[in-house]
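Participant: I would like to see how this sequence folds:
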Amino acid sequence: MHILVTGGAGYIGSHTCIALIEAGHTVVVVDDFSNSHPEALKRVETICETSVPLYQGDVGSRALLEQIFSEHNIDGVIHFAGSKAVGESVEKPMLYYRNNVTASQVLIETMQHAGVHTLVFSSSATVYGDPHSVPIAEDFPVGATNPYGRSKLVVEQIMQDQAVANSAFNAIILRYFNPVGAHASGKIGEDPNGIPNNLMPFIAQVAVGKRSELSIFGGDYPTKDGTGVRDYIHVCDLAEGHVKALETLHGKPGAHIFNLGTGAGVSVLDMVKAYARVSQRPIPYQIVGRRPGDVAQCYASPDHAKTVLEWQAVRSLDDMVTSSWRWQSSNPHGYREA
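Facilitator: Here you go, the predicted model:
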């Protein structure tokens with residue numbers, strides 16, 4: 001298939017481009033590089049020994065999308081582009097509704113006009129809000145606790161409404177948990193602009209000496225060690241889940257929702273200890289106040305994806321940490337030194 005990947009130069013997008021190409025698909029990327037780097041795509045091309053057409057710009061630009069659909073015979077879209085920091089979303093909600101909701105609406109409208117009916121959407125476990133129990137199944141109540149989660153939930157609802165209104169539309173919603181790790185080559189990985197919002201790149205930057213210490217948001221949660229518990233999933237497992245969803249459900253209209261996670265909860269302190277062990281570097285940290293919008297624990301029931309998509313995460317916590325350290329230690333300044 002010929003797949004348009006929005007946000008394809010980003011962390012998950014770049015790894016998914018590799019998984020798509022390795023599975024025999026061709027990809028086209030649109031990215032505005034607001035939280036990514038052109039070097040990531042160059043390295044995807046090196047790893048896969050193929051060229052990847054790139055359109056630089058905003059996925060909310062109808063004219064740009066129309067150009068892409070006119071120049072390429074696109075079979076489906078995987079939609080990663082958007083803003084993704086919980087804390088920032090609380091401070092700048094309008095930015096999140098514009099980048100995540102309005103842009104997605106433009107994408108869906110333009111797809112419909114171009115006769116492209118398969119959309120795989122990068123959603124998030126944040127749509128479950130503060131879950132009443134764990135593990136979290138797809139039929140749990142939804143109700144996000146922050147603008148980021150609400151923006152994802154609104155796009156999910158737009159897609160489901162579109163699937164009702166347009167009998168050809170195939171809405172594939174992937175709610176994933178906490179992607180970490182990097183490609184085995186060490187050539188691509190997570191390289192956020194500015195101060196990282198996610199745990200793993202922050203730990204990695206402390207380990208490599210780029211930052212002096214880690215701030216752990218909240219040490220008084222009702223968990224085994226007081227720190228937040230999350231379902232960390234290797235980014236390559238996640239990328240393969242997107243390919244599986246696309247291949248299994250392409251041509252099957254309707255709304256399809258899947259959790260992509262491991263089903264195992266890992267605390268922040270567990271992750272810090274694992275990283276210190278693998279990197280053989282100290283990870284100084286301090287426990288600070290809770291972050292607005294965060295929940296105590298959140299991990300998936302991955303059974304639905306295993307049954308329907310025949311997909312499950314296979315990489316271990318050590319795989320996640322080892323690959324992250326390989327990337328960070330080989331690229332201490334990320335892509336910016338390239």
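Participant: Does Thr50 touch Leu20 like I think?
Facilitator: No. Using C-beta atoms under 8 Å, Thr50 makes no contact with Leu20, being 10.9 Å away. The C-beta positions use only the backbone N, C-alpha and C, and glycine is treated the same way.
Participant: And these two? Which one has more around it.
Facilitator: Set side by side, Thr50 and Leu20 show more neighbours around Leu20, with 25 against 11, by other C-beta atoms under 10 Å.
Participant: before we move on, which element is that one in?
Facilitator: helix 11-22 (DSSP states H and E).
Participant: For the helix or strand that that helix is followed by, which outside residues touch it?
Facilitator: Using DSSP H and E, the helix or strand that follows helix 11-22 towards the C-terminus is strand 26-31. For strand 26-31, contacts defined as C-beta atoms under 8 Å, 6 or more residues apart in numbering pick out 1-10, 13, 17, 20-21, 41, 52-57, 59, 64-65, 68, 72, 74, 81.
Participant: which of the residues in the helix or strand of the chain with the lowest mean pLDDT are buried?
Facilitator: Here the helix or strand of the chain ranked lowest by mean pLDDT, DSSP states H and E is helix 86-91, holding a mean of 89. Residues 86, 88-90 are the ones in helix 86-91 that count as buried (16 or more other C-beta atoms under 10 Å).
Participant: if we can go back for a sec, from the chain's centre, how far out is the helix holding Leu20? Work that out for me.
Facilitator: In terms of C-alpha atoms, centre = their mean, to the nearest Å, the centre of helix 11-22 is set 11 Å apart from its chain centre.
Participant: how about the helices in the chain?
Facilitator: 11-22, 38-48, 62-71, 86-91, 93-96, 103-114, 147-165, 199-207, 235-249, 268-279, 303-308, 317-330 (DSSP state H).
Participant: Now distance to Gly293 too, for those, in JSON lines please.
Facilitator: Shown next, in JSON lines, are those (distance: least, C-beta to C-beta, whole Å):
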{"stretch": "helix 11-22", "distance to Gly293": "21"}
{"stretch": "helix 38-48", "distance to Gly293": "28"}
{"stretch": "helix 62-71", "distance to Gly293": "31"}
{"stretch": "helix 86-91", "distance to Gly293": "5"}
{"stretch": "helix 93-96", "distance to Gly293": "11"}
{"stretch": "helix 103-114", "distance to Gly293": "21"}
{"stretch": "helix 147-165", "distance to Gly293": "8"}
{"stretch": "helix 199-207", "distance to Gly293": "15"}
{"stretch": "helix 235-249", "distance to Gly293": "22"}
{"stretch": "helix 268-279", "distance to Gly293": "16"}
{"stretch": "helix 303-308", "distance to Gly293": "26"}
{"stretch": "helix 317-330", "distance to Gly293": "24"}
